[in-house]
Structures are given as C-alpha cells and as structure tokens.
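**Q** Okay, sequence plus prediction incoming.
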Amino acid sequence: MRKRIIILGSTGSIGTSTLDVIRDFPGRFEVVALSSRRNVGLLARQIAEFSPRAVCVTDPEAAADPALLSCLGDAELLTGQDGLEELVRRFEADILVVATVGFAGLFPTLAGIERGMRIALANKEVLVVGGHVVMERARRAGAEILPIDSEHNAIFQCLAGNTRANVRRLILTASGGPFRGFSRRQLEKVTREQALDHPTWDMGPKITIDSATLMNKGFEVIEACHLFGVSPSQVDVVIHPQSIVHSMVEFTDGSVLAQLGQTSMYLPILNALAYPERLANKHPSLNLAELGKLDFARADRALFPCLDYAYEACEKGGTLPAALNAANEVAVEAFLEERIPFTGIPETIRAVLDQHEIIPRPDLETLREVDRAAREMAGIHARSFV
C-alpha cells in the first residue's frame, strides 16, 4: 500500500527533492496535496505530473493567476496562510512534509500532529518558535516527528538502537558557508549575490543566508534540543567544509558514531519517508578514497555571533527563541532586498533580543503576539540603516 503524502512548500528546494524521491518510487508513495507561496509556474507542472487532490497557494495574487486556474483539473484550490492548515485538516495522508520557511509552518504542523500523521520536518522555525508545544502535542498524540534536515536526520540514524541516557553530546557539522575565514571588514562589504552562493548545498534564499550567518546552525542547535531531549550544553558545532559527515553522536563510553553520505537532500528525505525501511536508490556510493580527507575546525563565534544568539535563546527559553526567529526573518528579508548590509542581520537580531521581555512557557496565542511584536521591532531597527 502506498504512503499518502502532503507536501507543504512543494516548489522549494526541499519540496522538489521530495518529489524527486516520490517520482523514483511510484509504487511506494503518492501525492495527496501540494502547496506553494507564489511559484505557480512550477506548481502547475507539479499538478500535471502528480495529480494531487488539492493545492494551496498562500500568496493571494499568485492564487488568482489564470495559468494556475486553467491547470487545476480536479484539484481543489485553497488560498492564504489559513489554507495550509485547512489542507492538512481536510485531506487524508500518512506523511506531512513540512518544507515551508518560517513561522508559517507551525500551525499546519500542529494540525498534522493532531491527525496522527508522520511529520517529516524540514522547517527549523517550527521547533525554534514552538518546540515545547510541538513536542508535547506529538507525545500526547503518538505522532512521529522525523527530521529531514541532513544534520538531524544523521543524528536520528546514529541514535538508532541507543538510549538517550547514553548520549554525552551531539555534534552538528556546518559547512561554514561562503564567508569562512573572512574578516569583519570583508563581511561589511558582502553582496546579496555572494551570500547566495553557497559552496556545497543548493538551497532556497532564506536558508542560504541563514547558513552564511551561521543562524541556520544556531536554529539546528535549538531544534536538536527539542527533537532529542538534550540541553544546549550537550550540543556542539564544528565546521566541516566538505559536508560529507552530516553529524555525529558521542556516547557516554567515549564512542562517536557519524553518519556520512553524498551532499544531497534526497537521501535524508528518502530516509524519513521510507523509515523504518531503507530503499536502494539511484545515488552512487560514497568514495572516501576519492575524497582524500575530511577537515574539521571550530566555528568563529565572534565573527558570526548569530550562533551564540541561538544558544542564548535556547538556554533562556520561553519566548526568546520566537523573538529570535522573527527578528531573523525580518533581517534576512531586508538584506535580500538590499536595505541593510550583511552585518546588519546580527545587529538587528541583537537589538530585538536586548529589548525582549521573556515570557516562560508561552501558549500559542502568546507566541503569535511575540512574533508580531518582534517583527515590528526588527523592522524599525532595519529602517535605521537607510
């Protein structure tokens, strides 16, 4: 019997890689529904190929595009951010792939948990903002949350057959982004095009910028704490430019297990969709002799302070991670629109964190309000660069 899949964010890099997996295993998986923010051209081609029962376009203007409307066929069209949650609540599926970016993924994820779907999670912000709520509801509902991020999927694989009590630390690897070894003066002059030119991964613009600032790795620290029940002090970050070792787990006896693989999101996605099976696929074997060497180094946390901001938010908890995420989303958008410099991203985030009053154990409505207020505060600070 084929596993039924809803993909939120089907036109992004994770979404298209997920469809690559489904395309290669038509007897194993079927597409129930797709969503996109505004890339209706690609969405139309996906509709034609996979014949989903429903699609959601969150951008109202894009949703009215005649080219999209003409290709829907029997698929039902939902619109707006509320449409994402409605998509999950109304259509039957076994797996919900959350490949959207930002705060918008939180409420559809919770809806999938309530329905008992397996959550294949690529959206870091879901756990950064609402990790305590998401994990608690998943435990109550008996819902699986399997990470698609290559780093967390690597840890998930390394932990197989081991108990959390035996874990000494988790070691997240980071490519270091395109600016490893830069000086502060060089960072101040970084352009949008330079920041989007990632050395090893092909990702969407927002996550690519997060990788360049190391905020992406900071978010992964927070995510790891929620997913695997560890404290921030048990999560380390090392720079690994080759991106072949996807992450490691050190156990209390000193043993370290690492998961290695090709630099392709196809593999962790396949692992999460097929689990507990392992499916042979089209990717070639890893040739270590050809690679020659694997390098590791400490992260420069003084030059890239976003990593420390994430540790701070994780340690203090409450609403601080939500404020961190909102400030980062606004700052990254401002940089991509060339309204602030690259170094303005951590400056904007720091300004918001310094002004935020932490509320412990927030409910969902509190998180909504914190998100709104932090975005407003970050926007004010970003405009000071003009």
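**A** Thanks, I have it.
**Q** Name the nearest residue to residue 31, ignoring sequence neighbours.
**A** Closest residue to residue 31 apart from its sequence neighbours, by CB to CB, 6 or more residues apart in numbering: residue 50 at 4.1 Å. Every C-beta, even on glycine, is put in place using the N, C-alpha and C of the backbone.
**Q** Repeat that for residue 108.
**A** Nearest one to residue 108, counting by CB to CB, 6+ apart, is residue 84 at 4.4 Å.
**Q** Correct me if wrong: that neighbour contacts residue 107.
**A** Yes: the criterion here is CB atoms under 8 Å, and residue 84 meets it with residue 107 at 7.5 Å.
**Q** out of these two, which sits in the more crowded spot?
**A** residue 84 (27 against 18; other CB atoms under 10 Å).
**Q** shaky segments in the chain?
**A** 201-202, 386 (pLDDT under 70).
**Q** Select the longest helix from it.
**A** Determined from DSSP state H, the single longest helix within the chain is helix 364-383.
**Q** If we go by neighbour counts, what in it is buried?
**A** For helix 364-383, burial by neighbour count (16 or more other CB atoms under 10 Å) applies to 367-368, 370-371, 373-375, 377-379, 381-382.
**Q** check contacts around residue 336.
**A** Residues in contact with residue 336 (CB atoms under 8 Å, 6 or more residues apart in numbering) are 192, 205-206, 209.
**Q** Correction: the previous question concerned residue 2.
**A** Counting by CB under 8 Å, 6+ apart, residue 2 has contacts 27-30.
**Q** quick check: domain ranges of this structure?
**A** 3-147, 153-264+292-383 (automatic domain parsing).
**Q** Would you mind telling me which of those domains is nearest residue 270?
**A** Residue 270 sits nearest to domain 3-147 of all those, at 5.0 Å, using CB to CB.
**Q** That closest one spans what distance, first to last residue?
**A** For domain 3-147, the first-to-last residue distance is 17 Å (CA to CA, to the nearest Å).
**Q** repeat for stretch 106-124
**A** 10 Å.
**Q** buried set for that stretch?
**A** 106-113, 115, 117-124.
**Q** swap in stretch 13-26?
**A** Applying 16+ other CB under 10 Å to stretch 13-26 flags 13-22, 25 as buried.
**Q** Sticking with the residue nearest to residue 350 when sequence neighbours are not counted, tell me its helix or strand.
**A** Leaving aside its sequence neighbours, residue 350 sits nearest to residue 309 (CB to CB, 6+ apart; 6.9 Å). Using DSSP states H and E, the secondary-structure element containing residue 309 is helix 306-316.
**Q** after that helix, next one along is what?
**A** helix 320-336.
**Q** and that next one with helix 306-316, angle?
**A** Interaxial angle, helix 320-336 versus helix 306-316 (axes from the mean of the first three to the mean of the last three CA atoms, to 10 degrees): 160 degrees.
**Q** just the angle between helix 320-336 and helix 364-383, please?
**A** Using the same axes, to 10 degrees: helix 320-336 against helix 364-383 is 40 degrees.
**Q** distance between helix 320-336 and the chain's centre?
**A** 14 Å (CA atoms, centre = their mean, to the nearest Å).
**Q** which residue packs closest to residue 232, ignoring adjacent ones?
**A** residue 314 (4.5 Å).
**Q** Neighbours of residue 141, how many?
**A** Neighbours of residue 141 using other CB under 10 Å come to 15.
**Q** residue contacts, the residue nearest to residue 31?
**A** 19, 22, 31, 34 are the contacts of residue 50 under CB under 8 Å, 6+ apart.
**Q** what about the strands in this structure?
**A** Remark: strands assigned in the chain by DSSP state E are 3-8, 29-36, 54-57, 76-79, 95-98, 118-121, 145-147, 167-174, 235-239, 245-251, 256-260, 297-298.
**Q** for the ones you listed, which one sits closest to residue 326?
**A** strand 95-98 (18.4 Å).
**Q** Parallel or antiparallel, list what pairs with the closest one.
**A** If you go by DSSP bridges, strand 95-98 pairs up with strand 3-8 (parallel), strand 118-121 (parallel).
**Q** Can you redo the ones you listed as JSON lines, where the extra columns are distance to residue 62?
**A** Shown next, in JSON lines, are those (distance: least, CB to CB, whole Å):
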{"stretch": "strand 3-8", "distance to residue 62": "16"}
{"stretch": "strand 118-121", "distance to residue 62": "25"}
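**Q** Of all those, which one comes closest to residue 196?
**A** Among the strands paired with strand 95-98, strand 3-8 sits nearest to residue 196 (CB to CB), with 23.2 Å.
**Q** who touches the closest one?
**A** For strand 3-8, using CB under 8 Å, 6+ apart, the contacting residues are 15, 18-19, 22, 28-35, 56, 84, 87-88, 91-100, 105, 108, 112, 117, 273.
**Q** Now the buried members of those.
**A** Going by neighbour count (16+ other CB under 10 Å), those have 15, 18-19, 22, 28-35, 56, 84, 87-88, 91, 93-100, 105, 108, 112, 117, 273 buried.
**Q** In a markdown table, list the domains of the chain along with distance to residue 286.
**A** Listed next are these as a markdown table, based on distance: least, CB to CB, whole Å:
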| stretch | distance to residue 286 |
| --- | --- |
| domain 3-147 | 18 |
| domain 153-264+292-383 | 6 |
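**Q** Now do the helix holding residue 309 against strand 167-174, angle only.
**A** Using the same axes, to 10 degrees, helix 306-316 lies at 150 degrees relative to strand 167-174.
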